[in-house]
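coords please:
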Amino acid sequence: MNLLTTVFLVLIFFTCAYAEKPHIVFIVADDLGWNDVGFRNPQMITPNLDRLAKAGVILNSSYVQPLCSPSRNCFMSGYFPYHTGLQDGVIDDDAAKYMPANLITIPQKLKQLGYAAHMVGKWHLGFCNWKYTPTERGFDSYLGFYTGSEDYFTHLRKMKEVKGEVGLDFHLNKTAYRDANGTYSANVFANRAVEIITNHDKSKPLYLYLPFQSVHTPHQVPAKYENMYKNIENIKRRIYCGMVSALDEAVGNITKALEGKGLMDNLLLVFTTDNGGPTFLAANNLPLRGAKNTLWEGGTKGTGFIYSKTLLKKTGYLNTGMMHAVDWYPTFVELAGGENTDPNMDGVSQYDMLINGGPTKRNEFVYNIYDEREAAAVRYGDLKLMQGSPGDHNGWAPLPHVGIDEDVYEADNQTFPPFMLYNITADPTEHFDLSATYPELVDMMKKRLENWKKSRVPAQSNAGVPAANPEYYGGVWSPGWC
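Residues are numbered from 1 along each chain as shown. Alright, predicted model coming up:
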């Protein structure tokens, strides 16, 4: 009887301990512009995102990487991409390139703390071997696609400029998933998320990672969402905005399910983009300078917010504290009652800033240090130093002109001095290069950059591997070729 009593009490203890840990829902939009949400731009119809953002905390200085694979690396590992070999570009479909296997991912860490961990959506962190895929990196279940983009309805991925390399890129755990053919991906992902929420065992805390396909190219959306923007004559912009509203509806359906299950009472919801919007297609980053795949603020300052009914000590304000995508990992660990024991991790916990409204724990970060070219950007306090060319889209792109349906803004091919210096606090839109005026500050920042560079690792190769062709796997993009 004593043994049974002891076992019972232990079970009660762990059940209560798990129940007290907050649930975490981490939603990532793809290629969403700074000004492509209703709480910044009244042109956008995003009532669900607006409601959550205004009732939570809008993040005004939350940084991501210029491209998606590097940002996802940050979310998953807490490491800057130039420390994992993922600093140059994205992971191509046929490249034997991946997030290093020795890193403990955030779902693996949270599972050690008693969490159930599920993923729905875009992976884009390598899949040439099964050990690099979501269910081998800590997730209990996975529904989504491995590559960077695909058709929203057929879920087929065709390699750019490679004849014949086309295949299905949709998996349920490790099995090719064909049942979603014809269904828009935002709806597929929302439905799967609702299913996970509905079936979740409430005795365990939940970590749900939801990196949506929306609003990455190809720009596709059901007509009812496009028709919400009949006032916009530019076709590409109209479709893009419709995609944002479809994403918003999906988020609304997910939060409704969380409410219905009773999980919202002890939950932190995070919403962020993975990089700035591609203004050269249809996105809007105004008033920020630059676009996706540039080191300007428009490519690296991510629109986002946090929301909780019960956890936040301060709500309804604009948080200007500096944080970076690598900070989400240790923040979630502290929220879950754990401790980050990796001394090399780049991320720092922003629990106090986000939950209590305290000061940021960060005063510097690396935007990126490229390996393929002499280009980099770092931040220290108010100052931002850029070395080399920030990218190919360097202006303040306005909205597409009325009536034009082509891509409006081509690469501008500007030339830049070896180093540029900006005060981001005083000049968040990067109009005034201070490098000629304050050479002593440039020298100080260059020393900081050189210190960061000492720990750079070589970039992984993005060379194509012919064995990756889906024709060898029954027409499916599949692991097994590295």
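
When you work out contacts or count neighbours from here on, use the C-alpha atoms and nothing else.
Fine.

pLDDT-wise, which helix or strand of this structure ranks last?
helix 2-20 (a mean of 51; mean pLDDT, DSSP states H and E).

how close does the spatially most central residue of the chain get to Asp352?
Centroid-nearest residue in the chain: Asp274, 3.1 Å away (criterion: Cα atoms, centre = their mean). As for Asp274, its distance to Asp352 is 23 Å (criterion: Cα to Cα, to the nearest Å).

what's the answer for Met444, then?
When distance is defined by Cα to Cα, Met444 is 30 Å away from Asp352.

Looking at these two, which has the bigger crowd around it?
Asp352 (17 against 11; other Cα atoms under 10 Å).

Leaving aside the residues adjacent along the chain, what's closest to that one?
Gly358 (5.3 Å; Cα to Cα, 6 or more residues apart in numbering).

What confidence value was assigned to the one you found?
If you check Gly358, the pLDDT there is 97.

right, and it touches Met322 too?
No. When contacts are counted by Cα atoms under 8 Å, Gly358 is not listed as touching Met322 (11.7 Å).

Just want to know which of these two has more residues nearby.
Counting neighbours by other Cα under 10 Å for Gly358 and for Met322 shows that Met322 has the greater number, 22 against 15.

how about that one, what does it touch?
Met322 makes contact with Ser61, Ser62, Tyr63, Thr360, Arg362, Asn363, according to Cα atoms under 8 Å, 6 or more residues apart in numbering.

can you check Pro390 too?
Thr294, Leu295, Trp296, Ala375, Ala376.

Now do the strands in the stretch 51-200 of the chain.
Listed in chain order, the strands of the stretch 51-200 of the chain (DSSP state E, counting those that start in this stretch) span 57-59, 62-63, 116-122, 141-145, 156-158, 166-168, 171-172, 175-176.

any chance of these in CSV, plus mean neighbour count?
Output for the strands of the stretch 51-200 of the chain, formatted as CSV (neighbours: other Cα atoms under 10 Å):
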stretch, mean neighbour count
strand 57-59, 24
strand 62-63, 26
strand 116-122, 25
strand 141-145, 24
strand 156-158, 21
strand 166-168, 21
strand 171-172, 17
strand 175-176, 15
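
Indicate which one of the ones you listed is closest to Arg448.
Go through those one by one with Cα to Cα and the one that ends up closest to Arg448 is strand 62-63, at 18.9 Å.

Quick one: residues in contact with that closest one.
Strand 62-63 is contacted by residues Thr300, Lys301, Gly302, Thr303, Gly304, Gly321, Met322, Met323, His324, Ala325 when judged by Cα under 8 Å, 6+ apart.

quick check: mean pLDDT across that strand?
With pLDDT averaged residue by residue, strand 62-63 scores 98.

same question, stretch 338-355
The predicted confidence, averaged over stretch 338-355, sits at 97.

Equivalent analysis for stretch 234-253, please.
The predicted model assigns stretch 234-253 a mean pLDDT of 97.

CA atoms of that stretch as PDB?
Coordinates of the C-alpha atoms in stretch 234-253 are reproduced here as PDB (Å, rounded to 0.1, in the frame of the first residue of the first chain):
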ATOM      1  CA  ASN A 234      -2.500  45.700 -59.200                       C
ATOM      2  CA  ILE A 235      -3.100  42.000 -59.600                       C
ATOM      3  CA  LYS A 236      -0.100  40.800 -57.800                       C
ATOM      4  CA  ARG A 237      -0.700  43.000 -54.800                       C
ATOM      5  CA  ARG A 238      -4.400  42.100 -54.700                       C
ATOM      6  CA  ILE A 239      -3.600  38.300 -54.600                       C
ATOM      7  CA  TYR A 240      -0.800  38.900 -52.000                       C
ATOM      8  CA  CYS A 241      -3.200  40.700 -49.700                       C
ATOM      9  CA  GLY A 242      -5.800  38.000 -50.200                       C
ATOM     10  CA  MET A 243      -3.100  35.500 -49.100                       C
ATOM     11  CA  VAL A 244      -2.500  37.500 -45.900                       C
ATOM     12  CA  SER A 245      -6.200  37.500 -45.100                       C
ATOM     13  CA  ALA A 246      -6.400  33.700 -45.700                       C
ATOM     14  CA  LEU A 247      -3.600  33.300 -43.300                       C
ATOM     15  CA  ASP A 248      -5.400  35.500 -40.800                       C
ATOM     16  CA  GLU A 249      -8.500  33.400 -41.000                       C
ATOM     17  CA  ALA A 250      -6.400  30.300 -40.400                       C
ATOM     18  CA  VAL A 251      -5.000  31.900 -37.300                       C
ATOM     19  CA  GLY A 252      -8.500  32.700 -36.200                       C
ATOM     20  CA  ASN A 253      -9.600  29.100 -36.600                       C
END
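
and that stretch, how far from the chain's centre?
In terms of Cα atoms, centre = their mean, to the nearest Å, the gap separating the centre of stretch 234-253 from the centre of its chain is 18 Å.

List the buried residues of it.
Of the residues in stretch 234-253, those buried under the neighbour-count criterion (16 or more other Cα atoms under 10 Å) are 234-253.

Distance-wise, check Val64 relative to Phe80.
Counting by Cα to Cα, the gap from Val64 to Phe80 is 10 Å.

And Ser308, by the same measure?
28 Å.

Pro134 now?
Using Cα to Cα, which is the criterion applied here, Pro134 is 20 Å from Phe80.

what do you get for Trp296?
Trp296 is 17 Å from Phe80, by Cα to Cα.

repeat for Pro458
Pro458 sits 13 Å away from Phe80, going by Cα to Cα.

With Leu247 instead?
Applying Cα to Cα, the value for Leu247 to Phe80 is 28 Å.

Same question for Gln65.
Remark: distance between Gln65 and Phe80 (Cα to Cα) = 9 Å.

Can you list the residue ranges for helices in the stretch 351-482 of the chain?
Taking DSSP state H, counting those that start in this stretch to define them, one finds helices in the stretch 351-482 of the chain at 351-356, 439-453.
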